[in-house]
Structures are given as structure tokens and as C-alpha cells.
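>>> Below is the sequence, then the predicted model.
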Amino acid sequence: MLAVDAAPNPWFDPSYVIDNWSSIMGYLGEHVRLTVGAVVLGSLLALPMAVLARRSRYLAAPVLGLSTLVYTIPSLAMFAFVAPITGLTATTVLVGLVLYSLVILVRNFLAGLQGVPEDVREAARGMGYGPVRLFWQVELPLALPAFMAGIRVATVSTVALTTVGVIVGHGGLGQLITGGFNANFYRAEIVTGALGCVLLALLADLLLAGVERLLTPWTRRAVA
Amino acid sequence: MRARTRYIVPLALAALVTAACGESGSSGTGGDDGGTQASGEACAPVAGEQLVVLEDDQELQNADNIIPAVNAAAAQANPALLPALNAVSAELTTDELIEMNAAVDVERQSAEDVAAAWVEENGVTEGLEQGSGPIVVGGANFTESTVLATVYADVLQAAGFDATVQEVGNRELYLPALQRGEIQVFPEYLSTLTEFLEGDDANQVASGDVQATVEVLRPLAEEGGLAIGEPAEAADQNAFAVTQEFADELGVSTLSELAEACGDGSLVLGGPGECPTRPFCQPGLEETYGLEFASFEEYDTGGPLTKAAIQQGEVSIGLVFSSDGALAQG
């Protein structure tokens, strides 16, 4: 209906993917880097927070409250707040993603640590375990399933959230989604970005499930 | 989004072939005896594929010509920067901008190819002053801005710079980045940038006069740590479009001519919901041009709904953007 002959606009277009392979891979790479970076940094931050929160109920409330409060900041606003400090860089997106991952990670880490039975810790202490050895050899293995569950949810949620980074030009595959919307609803581009996110999330979840299996062989033996 | 209308439009047109054919026929004959009627139908909507913009001959709309905005420090350090961008401004016309937008948005060519083709065709890279060093050209994430940023980058590359394009979201984010020098170049819009830098919504400093607005912008930009180049002929601003058939029937090409031809109050206006209250829209058309409207139909802001409504003969005239790819001449 337009004066200029419109090209067909299919939902799936392999030729779009082939023609734009290098830029798609570039966006995918950025998406993976941001997701991995956010979850790793988030976990490193969440672990001491969870350990701290377990110490007493008085510490747990502010730690959990703060991470939940951060989660309620709209992601668009978050990146806009951070951007003046870190500029239009991937760091801006990373900072936002790390903060968002905290709410999931801290809660799951805390739940995992709290799930370690008190008598098990008592027994370990009785056997002469110091606090460090107790943590690494008794508490961490027992809390690992809860930790991994948190990391898996955080990873999948981070894959989705990364797309919002388009507002500073570092949204990974989100660049394709908004790019397609703004190029007169270019379906092939939108679907490539969206499907890429879904596949990436699934793959990441699958990988982490495998890691969990490898790290906790005793859970399988116990079931079998 | 226009893609959706590609399905809706043929369906609607199929319905209109029966309805609208009869309608336009009656409006044709109605035009004859319409002269004798008090409330005529001379300017009732006429369906058609090709949209044309009626010239805003009394400058109701602010001049949103494309103008290169450059970080002031970068412009000072690289004397070859602004001349290269001005070479683009000297060649770029609204018609070419429409064609480039259509090539990307409708024909689905890549922005890079379209930009490279324009640079090649217009010979803007010849005899450029040479510079060096990395330059980041920013582009907002919509087609036109991406194409323009890529054109700038191509030309700067030819001028010896190592130019890259970085896409960014909205002006609130990228303008501070441009002022800080994180990005050095941005294809901006004259009046929008002027009003943004001026900051006071209530105070209108931009106008329909390109040169006057540039004079207002220059000191504002300097204050804000920016240097601006020359404005292009190409502009992306509010415009009012009709179908080619409608324009031909009435023999009008400007809004003033339309006002003369449509004194019988049979015009139907289409546009965004705020149109009846905003000075650039219905009140402006009524006060500046003396146009009278039979009714107003609410659609989107220069989007697929408004364009489809004009094409289908739902409205006689609608608000569009002057560089929209849908205005490309087939």
C-alpha cells in the first residue's frame, strides 16, 4: 500500500540472520558478557551479605529490605540514574544488573544457609571445625542446591533484563528488538533478538543445571 | 508497525473499493453541485496511495532541520570535523532523507548500505580537509537517526578520522554524554535541540525560520559545551499530508491554498489526541491559515494509523513527519 514497494516482512527470515551474522554475534557476545559479569559479581556481593544477614534478625531485615527496595526501581530509571556517573558504557548496564540480581541471590543464599540444620553445625563444631572450615566444608555443600537455584533464577532474569540496556546503547540482543521496532516493525530483526534471548536463557539454565549436578553428586546418590 | 497496516490496509481498501469507489464518484459529482451547497463537500477525504505534504508556507511549524552537533572541545581539537559534517548538510535534502528512510523501513535495506550509497552518490567526501583520531558518532535508536549517524561516520572516515557509530536511547541521556565528550558528534534536529538546551518549556525560542533559529541555537550550544554546524535543507518536523488525488482534485500544494479552496468547512483532520489543543496542530491551522474543520479524528502521532486513515479516505488531511519513508514517491 505504500508508494515504495514494500519488502516482505516475515516473522522468520534466515537471510536476515545470515546477512547480519557478525552484528548479531557482536550483540550476543555483549549479552553473554553482561549476564555472566552481573551474575558473578552479584554472587560475590550476595554471599557476604547473606552471611551477614544470617548473623542476626536485626541485620537480616535491612539487608533484605535494601535489596528488595533496589529491585523496585524501574530498570529504565535505574540505567538513567547510573548513566551520568558511568556514562554511556556497558558498565552502566552491568551496575544495574548486579543490583537487580542481588534481591534474588541474597534471599536464596540466606535461605540456603538458614536451611543448614543447627545440629549438623553443632556436630561439626564438636568435631573441632573452625568457622571457616565449617562454612566451606559443611554449610556451603549443604546450602549449594539453594545457592544454585538462586543463581539459575538470577541468570535467566538477568538475560531478560539486559535488553533494557538499549537506552544507553548496550542492550545486547535488546538492540535488535528495539532496532526492529524502530525500523517500521521489522519482524525478522525483532524475532531474532527475542528468540536469541529465549535460547540464551534456556541454554544458560541448562548449563547451570549441569554444573549443579556435577557439584552435588551426593544429592543424586541419596535419591537413588 | 506500518507492517501491520499492510494487512489492514488491503482489507480496508477491499471494503473501500466498493464503498469508497461509490463515495469518490459521488464526491466527484458532488463537487459539481457542491458549490451551491452551504456546507459543501469540496474538501471531503479522497482515498489514495500516495501521500504528499502540503507546504507550511506560513511557517507554523518549528524548523527541525538536520544539524550536526559536536562536542566543543572535539571541534576545537579537530578543525576538519565540522567542515566534513557541513559537507553533508550542504547536500542533504528532505526528499533524500525520505528516500533513505523508505529504503530502510520499507525496502528493508540495511542502514549501512543506504548511508554508504547516499555518500557515494552525492560526492560529499571529495576534497575534504583531513583529520585523524577516533571519533564516536552517536545516533538515537530510530531509523533516521541511525542512517544519519552512519552517513556522518562514513564521511568522517573519508576525512581521515577513525569514526564509529554508537546507538543511544534518548536525548536526556545522549546530550550530557555529548557535552562530556563521551561521544563527539550527533545528528541533531535544529528546533528540538534549541528548545532542549533552552530548557524552559513555556518559553518558545525556536521558530519556523531556519536562520533565526540557528542564531538562537549558536550561543545556547556554546554555553552547553557544544559546537553546531550548518543546518541541512532536510528536515524532520510536523507536517500535514493529504493524498495525491486530493491535492490534484483541488489543485493545492500549500496550506494557504488549501485554506482558500476549503472555505466550506468540509475538511476532516486526523492526528494525535492532543492535536485539538496544541498550537502546532488544529489551533495553529485555524489561526495561522484560517482553515476550518468539519471534524477531528484521533489517531497516533504521525504513525501508521494516521497515514492509513489519510490513504483510506477517513480524513482529508493528517499530521505526519516530513521525512517519513511513507512519503517516498513511487
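Here it is on my side, so go on.

>>> Just confirm residue B:164 contacts residue B:138, I think it does.
No. With contact defined as Cβ atoms under 8 Å, residue B:164 does not count as touching residue B:138 (10.1 Å). All C-beta atoms are positioned from the backbone trio N, CA, C, and that covers glycine.

>>> in the host helix or strand of residue B:85, what counts as buried?
Using DSSP states H and E, residue B:85 sits in helix B:81-91. Under the neighbour-count criterion of 16 or more other Cβ atoms under 10 Å in any protein chain shown, helix B:81-91 has B:81, B:82, B:83, B:84, B:85, B:86, B:87, B:88, B:89, B:91 buried.

>>> Go ahead and list the helix or strand containing the closest residue to residue A:218 other than its chain neighbours.
Distances taken as Cβ to Cβ, 6 or more residues apart in numbering or on different chains put residue A:141 closest to residue A:218, at 7.8 Å, once the chain neighbours are dropped. Taking DSSP H and E as the criterion, residue A:141 maps to helix A:140-162.

>>> from what I can see residue B:150 touches residue B:112, true?
Yes. Residue B:150 is in contact with residue B:112 according to Cβ under 8 Å; the separation is 5.7 Å.

>>> more crowded one of those two?
Higher neighbour count among residue B:150 and residue B:112: residue B:150, with 25 against 17, using other Cβ atoms under 10 Å in any protein chain shown.

>>> Could I get the pLDDT score of residue A:109?
Listed pLDDT for residue A:109 reads 94.

>>> which of the residues in the host helix or strand of it are buried?
In this structure, residue A:109 sits in helix A:90-114 according to DSSP H and E. For helix A:90-114, burial by neighbour count (16+ other Cβ under 10 Å) applies to A:90-110, A:112-113.

>>> hang on, the earlier thing: would you mind telling me which of residue B:164 and residue B:138 has more residues around it?
A count of neighbours by other Cβ under 10 Å puts residue B:138 above the other of residue B:164 and residue B:138, at 26 against 14.

>>> what residues does the strand or helix carrying the more buried one touch?
Using DSSP H and E, residue B:138 sits within strand B:134-140. Surrounding strand B:134-140, the residues in contact under the criterion Cβ atoms under 8 Å, 6 or more residues apart in numbering or on different chains are A:88, B:74, B:78, B:81, B:145-146, B:148-150, B:152-153, B:156, B:161-171, B:174, B:177-178, B:182-187.

>>> near chain A, which of the buried residues of helix B:81-91 show up?
Applying Cβ under 8 Å from any Cβ of the partner chain, the subset of the buried residues of helix B:81-91 adjacent to chain A is empty.

>>> Let's have the residues you listed in a markdown table, adding pLDDT.
Listed next are the buried residues of helix B:81-91 as a markdown table, based on pLDDT from 0 to 100:
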| residue | pLDDT |
| --- | --- |
| B:81 | 93 |
| B:82 | 94 |
| B:83 | 93 |
| B:84 | 94 |
| B:85 | 95 |
| B:86 | 94 |
| B:87 | 94 |
| B:88 | 94 |
| B:89 | 94 |
| B:91 | 93 |
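
>>> Return the member of those residues nearest to residue B:226.
residue B:82 (11.3 Å; Cβ to Cβ).

>>> looking at it, that closest one is touching residue B:227, isn't it?
Yes. Look at residue B:82 against residue B:227 with Cβ under 8 Å: they come within range, at 6.5 Å.

>>> Now list whatever residues contact both of those two.
In contact with both residue B:82 and residue B:227: B:70, B:75, using Cβ under 8 Å, 6+ apart.

>>> Now do the SS call for residue B:59.
coil (DSSP: H, G, I helix; E, B strand; the rest coil).

>>> Excluding chain neighbours, give the residue nearest to it in space.
Nearest non-adjacent residue to residue B:59, counting by Cβ to Cβ, 6+ apart: residue B:208, 2.7 Å away.

>>> For the one you found, which residues are in contact?
Residue B:208 sits in contact with B:56, B:58, B:59, B:60, B:61, B:62, B:63, where contact means Cβ under 8 Å, 6+ apart.

>>> SS state for it?
The three-state assignment at residue B:208 reads coil, by three-state DSSP.

>>> for residue B:165, same thing?
Recorded secondary structure, residue B:165: strand (three-state DSSP).

>>> my guess is it contacts residue B:156, does it?
No. With contact defined as Cβ under 8 Å, residue B:165 does not reach residue B:156; the gap is 10.2 Å.

>>> out of these two, which sits in the busier spot?
Neighbour count, other Cβ under 10 Å: between residue B:165 and residue B:156, residue B:156 has more, with 26 against 22.

>>> Does residue B:59 touch residue B:210 like I think?
No. Applying Cβ under 8 Å as the test, residue B:59 and residue B:210 come out as separate, 9.3 Å apart.

>>> out of those two, which sits in the more crowded spot?
Neighbours were counted for residue B:59 and for residue B:210 using other Cβ under 10 Å; residue B:210 has more, 21 against 13.

>>> Give me the distance between the more buried one and residue B:286.
When distance is defined by Cβ to Cβ, to the nearest Å, residue B:210 is 25 Å away from residue B:286.

>>> next one: residue B:129
49 Å.

>>> now swap in residue B:270 and tell me
15 Å.

>>> Over to residue B:269?
In terms of Cβ to Cβ, residue B:269 sits 10 Å off from residue B:286.

>>> shared neighbours, the two?
residue B:293.

>>> The two - which one has more neighbours?
Each of residue B:269 and residue B:286 has its neighbours counted (other Cβ under 10 Å); residue B:269 has more, 23 against 15.

>>> Isn't residue B:265 up against residue B:291?
No. Between residue B:265 and residue B:291 there is no contact under Cβ under 8 Å: 9.1 Å.

>>> Could you check which of these two is surrounded by more residues?
Higher neighbour count among residue B:265 and residue B:291: residue B:291, with 23 against 15, using other Cβ under 10 Å.

>>> and the more buried one, how far is that from chain A?
For residue B:291, the distance to chain A equals 26 Å [Cβ to the nearest Cβ, to the nearest Å].

>>> Ok, residue B:228 next?
Using Cβ to the nearest Cβ, residue B:228 is found at 21 Å from chain A.
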